[in-house]
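**Q** Sharing a sequence plus its predicted fold:
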Amino acid sequence: MKHLLTLIVTLLACASCQAPASLPAGDTFGEPIVARAIVPFATVHAAPSDYYEQTLLVEATTTAVCLKAGCWMQIEDAGQTAMVRWETGCGGKYVFPEDLVGRRVVIQGSFYPKELSDEDAEHLQEEAGGELDIEREGYEFNASAVLLIADAQ
């Protein structure tokens, strides 16, 4: 029993010695973000099913935001795009601010497979206030938080 207790104390001490992951400076929207490794969206896009049903941090550039309710945004990285919605749904607890367009963000959440109907695609076009390139098959990102990365000075 004494050896087991010593082992547990040693493991806890070693775990606290590891350097924690750090997040870039910026403003956070949504739930608190748990620091962990940040994955570029292009990496996730290369093998999305490898990332399904996992909570992760993904970095990308925002290309569009819902102008009606702030319930979705579109991201891009290395020419690949994806839709991001709040896990609380449209009209939920959080909104994506309109000024995110063109800005780098880190998104906390999970990817899941998604097919978009013609009706949903038309609805997104209307909310975007213009032309929006939408993938009909693939995946979406279900966000619990977004970090707007501060501009470098």
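**A** Arrived safely. Numbers count the residues shown, from 1 in each chain.
**Q** Local confidence estimate at Lys2?
**A** Looking at Lys2, its pLDDT stands at 48.
**Q** Tell me the buried residues in stretch 115-122?
**A** Buried residues in stretch 115-122, defined by neighbour count with 16 or more other CB atoms under 10 Å: Leu116. Bear in mind the C-beta positions are built from the backbone N, C-alpha and C, glycine included.
**Q** Mind checking the pLDDT average for it?
**A** 78.
**Q** Render the CA-only coordinates of it in CSV, please.
**A** The C-alpha trace of stretch 115-122 is given here as CSV (Å, rounded to 0.1, in the frame of the first residue of the first chain):
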residue,chain,number,x,y,z
GLU,A,115,-25.2,16.8,-45.6
LEU,A,116,-26.8,20.2,-46.4
SER,A,117,-30.2,20.2,-48.1
ASP,A,118,-31.0,22.7,-50.9
GLU,A,119,-33.3,24.5,-48.5
ASP,A,120,-30.6,24.9,-45.8
ALA,A,121,-28.1,26.1,-48.4
GLU,A,122,-30.5,28.7,-49.7
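**Q** ok now it, how far from the chain's centre?
**A** On the basis of CA atoms, centre = their mean, to the nearest Å, stretch 115-122 sits 21 Å off its chain's mean C-alpha point.
**Q** where does the residue sitting nearest the centre point of the chain fall, helix, sheet strand or coil?
**A** With the centre of the chain defined as its mean C-alpha position, the nearest residue by CA atoms, centre = their mean is Ile107, 2.4 Å away. Assigned state for Ile107: strand (three-state reduction, DSSP: H, G, I helix; E, B strand; the rest coil).
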